[in-house]
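J.: Provided below are the primary sequence and the corresponding predicted coordinates.
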Amino acid sequence: MSRLIQAALAGEEIIIAEGKRPLVKLVALPEARQPRRIGGAEGVVLFMADDFDAPLEDFTEAMP
């Protein structure tokens, strides 16, 4: 249950069902949600190519 609560606090919508029938929706109260932090995903991106933000050849005709 604590994993579900943490997921709800992180902004996920949690639906608890019995069989295929949804019964309960678990959502965090607005005052309980943790504020987003800039840089909070540090260490998640392990590698980014040097040309990550280079224009894609497939879309050059769509670019202004």
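T.: On my side now, so go ahead.
J.: contacts and neighbour counts: CA atoms only from here.
T.: Fine.
J.: what's near enough to touch Ala54?
T.: Contacts for Ala54 (CA atoms under 8 Å, 6 or more residues apart in numbering) come out as none.
J.: By mean pLDDT, point me to the weakest helix or strand of the protein.
T.: helix 2-9 (a mean of 90; mean pLDDT, DSSP states H and E).
J.: continuing past that helix, what's the next helix or strand?
T.: strand 14-18 (DSSP states H and E).
J.: and that next one, what does it pack onto?
T.: helix 2-9, strand 21-26 (3 or more CA pairs under 8 Å, 6 or more residues apart in numbering; DSSP states H and E).
J.: what's the model's confidence in the last one, averaged?
T.: This means strand 21-26. What strand 21-26 shows for mean pLDDT is 95.
J.: for the protein, which spans come out with low pLDDT?
T.: Where the chain drops to pLDDT under 70, the residues are 34.
J.: Quick check: Ile16 touching Met1?
T.: No. Distance between Ile16 and Met1: 10.9 Å, which falls outside the contact criterion (CA atoms under 8 Å).
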